[in-house]
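# Model the structure of this input:
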Amino acid sequence: MRRVLVVGGSPEPSSAETVRAAARGCDAVVAVDRGLDALLASGLSCDLFCGDADSVSEKGAALVRSAEESLDPAFEVVRYNPHKDDTDLGLALGEVLRRWPEARIVATCMSGGNPDHELAVLGRLSAWSGELEVKEDRFDQRFLKSGDVWNLSGHEGERFTFVPLSCEAVVSERSMRWELDHKHVPLLSDLGVSNVIESGGASITCHEGLVVAWVFRS
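Sure thing, here's the model as predicted:
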């Protein structure tokens with residue numbers, strides 16, 4: 001299974017250190033529009049650029065144009081018409097699926113900026129059928145579907161939150177300050193907000209539905 005880093009176009013990108021950490025062990029790197037600038041700031045290159053290049057810097061746009069015009073480009077470019085019905089991220093995930101259908105995605109530079117884009121990013125990432133993790137400066141994020149377990153060793157004392165993204169989810173939490181056992185939790189409930197991981201054996205299990213979960217680093 002390929003491990004693919006997808007660097008989003010958040011107006012508030014993750015730090016260069018976080019981007020480099022997310023890239024470790026990845027077989028391919030995809031820049032989503034302004035995500036190319038985050039890669040450049042991190043000293044990294046991409047294998048595939050996806051976007052309409054409307055938010056990338058002048059330096060990044062010049063690199064995209066050079067790659068489009070070159071017979072031996074530094075990276076592949078899939079440029080979109082700015083007047084499109086989908087987001088750059090949605091289209092980029094489609095390109096990843098076509099190239100690496102079994103890919104495990106590591107995503108970064110996804111969470112900052114406008115709330116409408118942030119909600120759309122949650123929707124797009126939650127629809128990915130394979131393994132996917134999000135790494136940002138202050139937190140790690142996962143989407144858990146029916147039968148998924150997130151083992152949380154190494155996060156003792158850190159804050160943990162989950163929020164259901166389906167009409168209802170059934171969730172268990174272990175080794176946390178407040179535990180749940182096959183609890184039915186409605187859509188967008190705040191029940192799972194701001195728990196605390198108490199031991200290295202902590203975990204969350206999604207028995208039914210879909211939840212998004214975060215570990216916030218101390």
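
# List the residues that contact the residue of the chain positioned farthest from its centre.
Outermost residue of the chain with respect to the C-alpha centroid, by Cα atoms, centre = their mean, is residue 71; its distance is 32.2 Å. Listed by Cβ atoms under 8 Å, 6 or more residues apart in numbering, residue 71 has no contact partners. Just so you know, the C-beta spots here come from the backbone N, C-alpha and C atoms, and that holds for glycine as well.

# count of neighbours near the residue lying closest to residue 25 once chain neighbours are set aside?
Excluding its sequence neighbours, the residue lying closest to residue 25 (Cβ to Cβ, 6 or more residues apart in numbering) is residue 3, at 5.8 Å. When neighbours are counted by other Cβ atoms under 10 Å, residue 3 registers 16.

# Next: the one 3 residues further on.
For residue 6, the neighbour count with other Cβ under 10 Å is 31.

# so the residue farthest from the centre of the chain, which of the three states?
coil (DSSP: H, G, I helix; E, B strand; the rest coil).

# State the distance from it to residue 79.
17 Å (Cβ to Cβ, to the nearest Å).

# Could you export the one helix or strand residue 106 maps to as CSV, CA atoms only?
Assigning secondary structure by DSSP states H and E places residue 106 in strand 104-108. Provided in CSV are the C-alpha atoms of strand 104-108 (Å, rounded to 0.1, in the frame of the first residue of the first chain):
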residue,chain,number,x,y,z
ARG,A,104,-3.0,5.4,2.8
ILE,A,105,-3.2,9.2,3.0
VAL,A,106,-1.4,11.5,5.4
ALA,A,107,-2.8,15.0,5.2
THR,A,108,-1.5,18.3,6.5
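
# coming back round to it: pull the contacting residues for the residue nearest to residue 25.
25, 26, 27, 103, 104, 106.

# Would you list the buried entries among the residues you listed?
Burial by neighbour count, 16 or more other Cβ atoms under 10 Å: within those this picks out 26, 103, 104, 106.

# Let's have those residues in TSV, adding pLDDT.
Formatted as TSV, the entries for the buried ones among the contacts of residue 3 read as follows, by pLDDT from 0 to 100:
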residue	pLDDT
26	97
103	94
104	96
106	97
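
# Looking at those, which is nearest residue 12?
Closest approach to residue 12 among the buried ones among the contacts of residue 3 (Cβ to Cβ): residue 106, at 18.8 Å.
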